[in-house]
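Engineer: Provide a 3D model corresponding to the input given below.
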Amino acid sequence: MDPNRVQSIELVKEVVRDERAAQLSHFDTLDTKAGVILGFAGAVIALSPTGRSLLIGAGKLSALVSAFFAISTFWPRRFWNLDVRAIRDGYLAADPRVAEVRLLDTMIAIAKRNEATLAKRGRQLKMAMSALGIAALLVGIGAWLH
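Structural biologist: Below you'll find the predicted structure:
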């Protein structure tokens, strides 16, 4: 593709910027939800009745699994960003249209990598929520029977 013949680069850049902002918002939302689930998992473990009930023990174990998945959801992760120093060094003397197209291509590649990370974190959050639901059910039934 000839960078000098690119006519809609501004439109594409705007879409890529919007997608990046949406991804950042999604990361924040996942982190918040994971924190809430982690808190509830801790509460289930701490507030569960003591004793030798198999159901309550299984519920506490499920809450522990939920806490593990919640922590793995917001565990520090690599969030792909542009290396601004490399941009400066590599494109300071380049033709502006060539630099613009290459940087846009790089931003799109970064968005694709972040998309994969978001999908993985979303699956981990679903596992945490499922395990927490099972924990609440098991502890509730175990307390009722005990």
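Engineer: Nearest residue to Leu82 in space, ignoring adjacent ones along the chain?
Structural biologist: Closest residue to Leu82 apart from its sequence neighbours, by C-beta to C-beta, 6 or more residues apart in numbering: Thr106 at 6.6 Å. Glycine gets a C-beta too; all of them are placed from N, C-alpha and C.
Engineer: mind checking how far the one you found is from Val16?
Structural biologist: 10 Å (C-beta to C-beta, to the nearest Å).
Engineer: In CSV, list the C-alpha atoms belonging to the helix or strand bottoming out on mean pLDDT in the chain.
Structural biologist: None of the helices or strands of the chain scores lower by mean pLDDT, DSSP states H and E than helix 84-91, at a mean of 77. Coordinates of the C-alpha atoms in helix 84-91 are reproduced here as CSV (Å, rounded to 0.1, in the frame of the first residue of the first chain):
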residue,chain,number,x,y,z
VAL,A,84,7.6,6.3,22.4
ARG,A,85,11.4,6.5,22.4
ALA,A,86,11.6,4.0,19.5
ILE,A,87,9.0,6.1,17.7
ARG,A,88,11.0,9.2,18.1
ASP,A,89,14.3,7.5,17.0
GLY,A,90,12.7,5.6,14.1
TYR,A,91,10.4,8.2,12.6
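Engineer: Thank you, goodbye.
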